[in-house]
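# with the input below, show me the fold.
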Amino acid sequence: VFRPPKLKAEAAQRRRVAKMPSAGEAEDEVEVMHIDTGDMVKVKQVLDEAAVTALTEMDYVEDHWSDNTKLAVMFIACTFAMVAQFYPMPFPESRPLLAVCCAGYFLFSSILQFIVTFYDKDTIMFIMPRMETTGSHKPILLKSKFPRFEETYKLTIVLDEKDATPVEEGFYIGCLFDADGNFAEDLFVQAVQDLVQAFEEEQNSQTDKKEK
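Residues are numbered from 1 along each chain as shown. Here you go, the predicted model:
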């Protein structure tokens, strides 16, 4: 579990607005993100967004295929609903049409729920393949878990292939937020980037073993 000893002290220091005076200019202020740490959903959202930022800063490109697929399925389901609602056919003549539209809406809504539940799961970011760092044409998955009433946020990076070896790390929430709810974002981003580098080293090691 990620528990750097100096993190709380640094977070407390970041609590104060950093002022950088320069000659002839107004003082620049750097504000620290503040949230209610009792809101578990908000805490996970903030950490997920920061984790995604960490990867984009390393020039990883998000793969929008999954999102586009879900949008297409949602659009088809909504089309069935709109036809059922607005098609100019009086009732009861419209019964067959309504039956088809209800069945279509239920089918595509079920497909969407299946994708979210069994394919996306805990994935917060699908990443385009990077052959130079992973030795694979498979996309990379960034996953997170933060169970209710838990104090550890778990982050996992793994290739989207069978029997892939994941690289994961647990982050203790008390080391990422101080008592006032100020978020040590830069420290968390650096820790995530270190985790990504460990993932790259693991993939390079496996690639070397395969070549031998």
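# drop to CA atoms for contacts and neighbour counts, all remaining ones
Will do.
# for the helix or strand that Gln206 is a member of, packing partners?
Assigning secondary structure by DSSP states H and E places Gln206 in helix 185-211. In this structure, helix 185-211 packs against helix 40-57, helix 131-134, strand 152-159, strand 167-172, with contacts taken as 3 or more CA pairs under 8 Å, 6 or more residues apart in numbering; DSSP states H and E.
# which of those has the lowest average pLDDT?
Mean pLDDT values for the helices and strands packed on helix 185-211 show the minimum at helix 131-134, a mean of 72.
# contacting residues for Thr165?
Counting by CA atoms under 8 Å, 6 or more residues apart in numbering, Thr165 touches Val158, Leu159.
# start at 45 instead
Taking 45 as the first residue, the last one we looked at is Thr209.
# just checking, it is part of a helix?
No. With DSSP: H, G, I helix; E, B strand; the rest coil as the criterion, Thr209 is coil rather than part of a helix.
# on that earlier part again, pipe the helices and strands packed on helix 229-255 into CSV and attach distance to Ala147 per row.
Formatted as CSV, the helices and strands packed on helix 229-255 follow (distance: least, CA to CA, whole Å):
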stretch, distance to Ala147
helix 84-101, 34
helix 175-178, 43
strand 196-203, 36
strand 211-216, 42
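# how much does the helix holding Gln250 deviate in direction from strand 196-203?
Relative orientation of helix 229-255 and strand 196-203, computed by axes from the mean of the first three to the mean of the last three CA atoms, to 10 degrees: 40 degrees.
# how far does helix 229-255 sit from the chain's center?
Centroid separation between helix 229-255 and its chain, computed with CA atoms, centre = their mean, to the nearest Å, is 17 Å.
# do the same with stretch 93-109
9 Å.
# alpha carbons of it, as PDB, please.
Coordinates of each C-alpha in stretch 93-109 appear next as PDB, following Å, rounded to 0.1, in the frame of the first residue of the first chain:
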ATOM      1  CA  GLU A  93      -9.600  11.600 -13.000                       C
ATOM      2  CA  ALA A  94      -6.100  12.200 -11.600                       C
ATOM      3  CA  ALA A  95      -5.000   8.700 -12.600                       C
ATOM      4  CA  VAL A  96      -6.200   9.400 -16.200                       C
ATOM      5  CA  THR A  97      -4.400  12.700 -16.200                       C
ATOM      6  CA  ALA A  98      -1.200  10.900 -15.100                       C
ATOM      7  CA  LEU A  99      -1.300   8.600 -18.100                       C
ATOM      8  CA  THR A 100      -2.200  11.400 -20.600                       C
ATOM      9  CA  GLU A 101       0.800  13.300 -19.400                       C
ATOM     10  CA  MET A 102       2.900  10.300 -20.300                       C
ATOM     11  CA  ASP A 103       1.600  10.600 -23.900                       C
ATOM     12  CA  TYR A 104      -0.700   7.600 -23.600                       C
ATOM     13  CA  VAL A 105      -3.700   8.000 -25.900                       C
ATOM     14  CA  GLU A 106      -7.200   7.000 -24.700                       C
ATOM     15  CA  ASP A 107      -9.000   4.400 -26.900                       C
ATOM     16  CA  HIS A 108     -12.700   5.600 -27.400                       C
ATOM     17  CA  TRP A 109     -13.900   2.400 -29.000                       C
END
